[in-house]
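> Dropping the sequence and predicted coords here.
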Amino acid sequence: MENIENLVAEQEKKLAGQFSKINEIELENSRRVLEAFRKYQVTESDFSSTTGYGYNDLGREKIEKIFAEVLGAEKALVRSQFISGSHALTVALFGLLRPGDMLLSISGKPYDTLDEVIGIKENPSSLASFGICYEQIDLVNDSFNEEEILEFVSQHKVKVIEIQRSKGYSTRKSLSNQKLESIIQKIKKVDSDVIIMVDNCYCEFVDIISPLDVGADIIVGSLIKNLGGGIAPNGAYIAGRSELVDLCAERLTLPGEGAEVGPTLGINKQILQGIFMAPSVVASALKVAVLTAQTMETLGYEVEPSAFEERVDIVQNIIFHNKDKLISFTRGIQKASPIDSFALVEAWDMPGYTDQVVMASGSFTQGSSIELSCDGPIREPYIAYMQGSLTYSYGRLGLISAIKYLNGEK
């Protein structure tokens, strides 16, 4: 234990510059959140609950104005009725696309949970079953294939272009706002009508700008990831151009009522506290990711990104090239969790995934990815995807536990 502690302490000293950069981003994002709270004059009465239809929920309306302000959107839909980020993405896709339309992914195949939504894997409720065409263009050297994308858009009428910023369970790098800005500007010159939709999960508050600031039309994210701050118990958001958010709202609820309905059932306070704390929590998660990258690389493991690379999301990859090591590392994270620390992590057939998945998530909110968690599919090259941590100290302890377990200290 002492040797591992010393090793981690030594790596921390090398990371002072990286931690300072993260602190600067945290401060700027905190300022933006605080200004939004002040602008919309949040008061204790906004914590009140609505039931039934959820008419006239003033707290819900302020929450959505705050999210829109912070994300640079005309409008936002922030609801506990979304059960996950994947659900919000599904609502957005079904809200924006109609039979005969074309969906194009320009960041390769989206996350596994959208396979049956799109129709990559057959499902009678998929977009494909409604006559919506899907095409994808893979990244080249972790960047957009500009030539192929622009040629495709010039030759086909594409309704929605989907970009997934975070890597998901792939081996590619995550995509920065700078890369998004470049390709979006070029696409819009070819077809100004195409809707650019960005899956922003894991990426919020890692930077001081949003994809909407660089030309995206609509973005989607989960509240049990970054913007929930580890406090929101569920939910997700859709934000962007007003008319597009309205279409999504009418798909979540029903045409004619849209965002005007939806009871909050007492969740307003938690959502408000969550986004208020989110800049600090995301900063903690980033510091844990940087420390993990530096320490694991020092121990001889491949990592992505490295400790000194630009950060786009809170996800840290450790590439083990060994199934048993992947499982052992994950078990060490579970052992250092506040909930179910005694549980022995096993690979299992998780709904929505092709391969078995090993997952440590001893979190207060089931499946929360902003709390310290670690998971990965049981397939080559056996990558652990580690993310989150409500505080830096808890994440540091989790990393030490994972290394111990990896070294056979149970």
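Cool, the structure landed.

> May I have the residues that are in contact with the residue nearest to Asp349 when sequence neighbours are not counted?
In space, and not counting its chain neighbours, Asp349 is closest to Gln356: 5.8 Å by C-beta to C-beta, 6 or more residues apart in numbering. Heads up, the C-betas are built off the backbone N, CA and C, glycines and all. By C-beta atoms under 8 Å, 6 or more residues apart in numbering, the contact list for Gln356 reads Ala347, Trp348, Asp349, Met350, Pro377, Ile378.

> Sitting in strands, which of those do you find?
Cross-referencing the contacts of Gln356 against strands under DSSP state E gives Pro377.

> got the buried residues for the strand or helix carrying Gln18?
Following DSSP states H and E, one finds Gln18 within helix 16-39. Residues of helix 16-39 classed as buried: Gln18, Ile22, Ile25, Glu26, Asn29, Ser30, Arg32, Val33, Ala36, Phe37 (neighbour count, 16 or more other C-beta atoms under 10 Å).

> from those residues, which is closest to Pro305?
Gln18 (11.2 Å; C-beta to C-beta).

> From what I see, that closest one and Leu291 are in contact.
No - counting by C-beta atoms under 8 Å, Gln18 stays clear of Leu291, with 9.1 Å between them.

> what touches both of the two?
By C-beta under 8 Å, 6+ apart, the residues touching both Gln18 and Leu291 are Ala307.

> Low-confidence bits of the stretch 301-410 of the chain, can you list those?
Judged by pLDDT under 70, the stretch 301-410 of the chain has its weakly predicted residues at 352.

> now the strands for it?
When secondary structure is read from DSSP state E, counting those that start in this stretch, the stretch 301-410 of the chain shows strands at 302-304, 316-319, 357-360, 373-377, 383-387.

> Just name the most buried of those.
strand 383-387 (a mean of 26; mean count of other C-beta atoms under 10 Å).

> That strand pairs with which strands?
When pairing is defined by DSSP bridges, strand 383-387 lines up against strand 316-319 (antiparallel), strand 373-377 (antiparallel).

> Which among the ones you listed is found nearest to Ser401?
strand 373-377 (10.7 Å).

> quick revisit: tabulate the buried residues of helix 16-39 in TSV, adding columns for pLDDT.
Converted to TSV, these look like this (pLDDT from 0 to 100):
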residue	pLDDT
Gln18	97
Ile22	98
Ile25	98
Glu26	98
Asn29	98
Ser30	98
Arg32	98
Val33	98
Ala36	98
Phe37	98
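
> Same list (the residues you listed) but as TSV, adding distance to Ser176.
Listed next are the buried residues of helix 16-39 as TSV, based on distance: C-beta to C-beta, whole Å:
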residue	distance to Ser176
Gln18	16
Ile22	16
Ile25	13
Glu26	18
Asn29	16
Ser30	22
Arg32	19
Val33	22
Ala36	24
Phe37	28
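
> quick one on the thing from earlier: mind putting the strands paired with strand 383-387 in JSON lines, distance to Leu326 included?
Converted to JSON lines, those look like this (distance: least, C-beta to C-beta, whole Å):
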{"stretch": "strand 316-319", "distance to Leu326": "8"}
{"stretch": "strand 373-377", "distance to Leu326": "6"}
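
> To Val220, which of those strands lies closest?
strand 373-377 (20.2 Å).

> residue ranges for the helices of the stretch 251-400 of the chain, please.
268-298, 323-335, 392-406 (DSSP state H, counting those that start in this stretch).

> which of the ones you listed sits most buried?
Of these, helix 268-298 is the most buried (mean count of other C-beta under 10 Å), at a mean of 24.

> Can you check what angle separates that one from helix 323-335?
If you take axes from the mean of the first three to the mean of the last three C-alpha atoms, to 10 degrees, helix 268-298 sits at 140 degrees to helix 323-335.

> Which residue is the nearest non-sequential neighbour of Ser154?
Closest to Ser154 by C-beta to C-beta, 6+ apart is Val190, at 5.2 Å.

> now do Tyr237
Val78 (4.5 Å).

> OK, contacts around that neighbour?
Arg60, Ile63, Glu64, Phe67, Leu223, Gly235, Ala236, Tyr237, Ile271.
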